[in-house]
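Trainee: build the 3D model from these lines:
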Amino acid sequence: MELELLRVYFSEGTNGTLACNGITICATIELPWKNNSARISCIPEGRYSLIKRYSPKFKNHYLLENVPDRQYILIHPANNALLELKGCIAPVSIITGIGQGSLSVKALQAVHSHLLMAFDSEEKVFITIKKKSL
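Mentor: Predicted structure coming up:
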């Protein structure tokens, strides 16, 4: 299964759209691009494999594998990139500003719904991140 994250970059944050097979799942928020600096930058564009993960803090969420010079880059709920993210990707239902959104838990549930069958059947899941063409 292939997901695609199309980003729009701003100096204060990064907004995006997450889709599967051309169908939009949700919007996303991330930190601004700061040359992949740990804890203050979104990650580089590219193609990454996803694995399903659980933690007490984020419950069910996803881990991006083999991110250059970074580790523990997750897809997990957050509504304000600068306050709640350290390089991860947060799904949101509505973009409310640059790097800000709302109803993140609801958006993550939409992501779970799209990926459920793939993970249950042990299908590989990938996410390709790239700049949105304007």
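Trainee: neighbours of Glu35, how many?
Mentor: In this structure residue 35 is Asn, not Glu. 7 (other Cβ atoms under 10 Å). (C-beta placed from N, C-alpha, C; glycine too.)
Trainee: and it, helix, strand or coil?
Mentor: The assignment at Asn35 comes out as coil when based on DSSP: H, G, I helix; E, B strand; the rest coil.
Trainee: give the contact list for the nearest residue to it once chain neighbours are set aside.
Mentor: Leaving aside its sequence neighbours, Asn35 sits nearest to Ser41 (Cβ to Cβ, 6 or more residues apart in numbering; 6.3 Å). By Cβ atoms under 8 Å, 6 or more residues apart in numbering, the contact set of Ser41 is Leu31, Pro32, Trp33, Lys34, Asn35, Gly87.
Trainee: from Ala118, how far out is Ser41?
Mentor: Distance, Ser41 to Ala118, using Cβ to Cβ, to the nearest Å: 29 Å.
Trainee: tell me which element the closest residue to Asn36 other than its chain neighbours is part of?
Mentor: In space, Asn36 comes closest to Pro44 once its chain neighbours are excluded; the distance is 5.4 Å by Cβ to Cβ, 6+ apart. For Pro44, there is no helix or strand it lies in under DSSP states H and E.
Trainee: His112 in helix, strand or coil?
Mentor: Per three-state DSSP, His112 ends up helix.
Trainee: thinking again about what came up before, how many other residues sit next to the residue nearest to Asn36?
Mentor: Using other Cβ under 10 Å: Pro44 sits among 14 other residues.
Trainee: grab the most central residue of the chain for me.
Mentor: Note on the chain: the residue nearest the mean C-alpha position is Ile89, at 3.1 Å, using Cα atoms, centre = their mean.
Trainee: ok now do that residue, which residues does it touch?
Mentor: Leu5, Gly16, Thr28, Ile29, Glu30, Cys42, Leu64, Ile73, Leu74, Ile75, His76.
Trainee: need those in TSV (columns: secondary structure).
Mentor: Shown next, in TSV, are these (three-state DSSP):
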residue	secondary structure
Leu5	strand
Gly16	strand
Thr28	strand
Ile29	strand
Glu30	strand
Cys42	coil
Leu64	strand
Ile73	strand
Leu74	strand
Ile75	strand
His76	coil
